[in-house]
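Chemist: What follows is a predicted protein model with its sequence.
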Amino acid sequence: MADGPGYSNSVRAGAFLISAVVLALAVTFILEKSNPFASKNHYKVAFTMDDGVAGLEEGAEVRVSGLKVGKVDRIQQEFDPAPGRILVHVSMEADIKVRTDAKVIRAQPLLGNYSWLNFTNLGTGEPLAEGGIIDAQASGGLLATIVGPQNSARANQMFEQLVMFTGTLEKFSKDTYPNKVEPMLSSAEATMSSVREEWGKWRGKVGGILDSTESGTRKFDQTMDDVKVAAKDARETLAHVRTVNLEQVDKLLASGQAGADRLASAMERIDTELVQRLPDVRAVMADLREGAVQAKLLTMEARRSPWKIFYRPSGDELARENLYEAARAFAIASSDMRVAGETLEGTLRQMPERFSSDPKFREELKDQVVRSMQRYEVAQKQLFDVLKADLGDAKVPEPPPAGSN
């Protein structure tokens, strides 16, 4: 055991070295705020050749709204085919769900030449598959760092408009000014020289005009005094109008308002009556049309056989007069009941709100329908009684109830 102490020192040195390495790794993981044993998701962020990846390196941070959630693993160049692109491979914590419509930009500080990836929005669409590619948004460089990524697009637009304005100004100085503005200025200068030369000739006339103007001003002052007197009289007249005539106007307006209300009420009643009586008007028009046809037939018959005008009916024909009268009354009652039904149907179709909310209006329609059914029932019974008397012992069918038609 001669070399026992040396062996012990070697073990101690090895243990110290291993402990130092483990401690260094632990400190590194703590400072980088990363867990080497945590599950990771891997994605690819595609940058255009115009935007580039300046400042991005392997190990650069990947953030979500400024919070570190991963790092850049490697950067892949794909310059062919044109226009080419650059793929940045990243690894992120597995609990960060990146979706296909997420928005990511390259951010960089005001001072320094390094950059990082920042997800400003993780998206709301379908989840991005493992190893999936998402297109990076135009970052705006330092401008996005100063004004924020949301306002960098507007700032870029402002700069583009400023460049356009500068170009327009340069075109104005090279083309418009020498070709248009300078000739106008030269012409104005010549005109002013001519005016100065002619001023000596105009001076006397201008003095006379000024004297006339002064005289006219004095007359105007006198006229203004007259106007003040007239205005005073007008104020007195207006005061009389306000105290006396306006009261009469108010009464007239109140009377006109009352008349307008009565007219509106009358128009509403007329509208209601038109809705109720429209079937009656149609029935009258149909009867007039039928009467005109009958009159035409009567005229044609009288021309063809004028002797029938002096024809005396036989006793049997006179005995049938009751039957004709009963049939006519039955036809009129049927027409009245049809008109009442059409009135009710038109009211329910055109004025359902009033029918359901106005009990008086509803009661009037009900009475009209009931009266028409009663007249129909009476005319029907009269017709069947006449038929029964004419047929004698022959069996006459009983009339159906009025409500069954």
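Modeler: Ah, there it is. Source: prediction; values computed, not measured.

Chemist: C-alpha only now, for contacts and for neighbours.
Modeler: Noted.

Chemist: Break the chain down into its domains, please.
Modeler: As assigned by automatic domain parsing, the chain contains the domains 33-147, 312-404.

Chemist: Just give me the lowest mean pLDDT stretch among these.
Modeler: Averaging pLDDT over each of these singles out domain 312-404 as the lowest, with a mean of 75.

Chemist: out of the domains of the chain, deepest packed?
Modeler: domain 33-147 (a mean of 17; mean count of other CA atoms under 10 Å).

Chemist: Please state the offset of that domain from the chain centre?
Modeler: 41 Å (CA atoms, centre = their mean, to the nearest Å).

Chemist: Residue 50 versus residue 181, what's the distance?
Modeler: 41 Å (CA to CA, to the nearest Å).

Chemist: thinking again about what came up before, Throw the domains of the chain into a markdown table and include distance to residue 191, thanks.
Modeler: Shown next, in a markdown table, are these (distance: least, CA to CA, whole Å):
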| stretch | distance to residue 191 |
| --- | --- |
| domain 33-147 | 52 |
| domain 312-404 | 80 |
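
Chemist: closest one to residue 262 among these?
Modeler: domain 312-404 (19.2 Å; CA to CA).

Chemist: which residues are contacting the longest strand anywhere in the chain?
Modeler: As assigned by DSSP state E, the longest strand anywhere in the chain is strand 67-78. With CA atoms under 8 Å, 6 or more residues apart in numbering as the test, strand 67-78 has contacts from 34, 57-63, 84-93, 96.

Chemist: so what strands line up beside that strand?
Modeler: Sheet pairing of strand 67-78 (DSSP bridges) gives strand 61-64 (antiparallel), strand 85-93 (antiparallel).

Chemist: where do the helices sit along the stretch 151-300 of the chain?
Modeler: 182-240, 246-304 (DSSP state H, counting those that start in this stretch).

Chemist: Now the weakest link among those helices, please, by mean pLDDT.
Modeler: Among these, helix 246-304 scores lowest, at a mean of 68.

Chemist: rewinding a little: ok, which of the strands paired with strand 67-78 comes nearest residue 321?
Modeler: strand 61-64 (106.0 Å).

Chemist: how far does stretch 240-257 sit from the chain's center?
Modeler: 44 Å.

Chemist: And for residue 90, nearest residue in space, chain neighbours not counted?
Modeler: With CA to CA, 6 or more residues apart in numbering as the criterion, residue 90 has its nearest non-adjacent residue at 4.4 Å, and that residue is residue 72.

Chemist: Next up, phi/psi of residue 116, please.
Modeler: phi -150, psi 160 (degrees, to the nearest 10).

Chemist: Please tell me I have it right and it contacts residue 59.
Modeler: No. In this structure, residue 116 is not within contact of residue 59 by CA atoms under 8 Å, at 9.4 Å.

Chemist: and residue 137, backbone torsions?
Modeler: According to degrees, to the nearest 10, residue 137 has phi -80, psi 150.

Chemist: Not counting residues beside it along the chain, what's closest to it?
Modeler: residue 105 is the one closest to residue 137 (CA to CA, 6+ apart), at 5.2 Å.

Chemist: right, and the helix or strand after the helix or strand hosting that neighbour?
Modeler: Using DSSP states H and E, residue 105 sits within strand 103-107. Downstream of strand 103-107, the next assigned helix or strand under DSSP H and E is strand 116-121.

Chemist: Okay, now the sheet partners of that next one, with direction.
Modeler: Checking strand 116-121 against DSSP bridges gives partners strand 61-64 (parallel), strand 103-107 (antiparallel).
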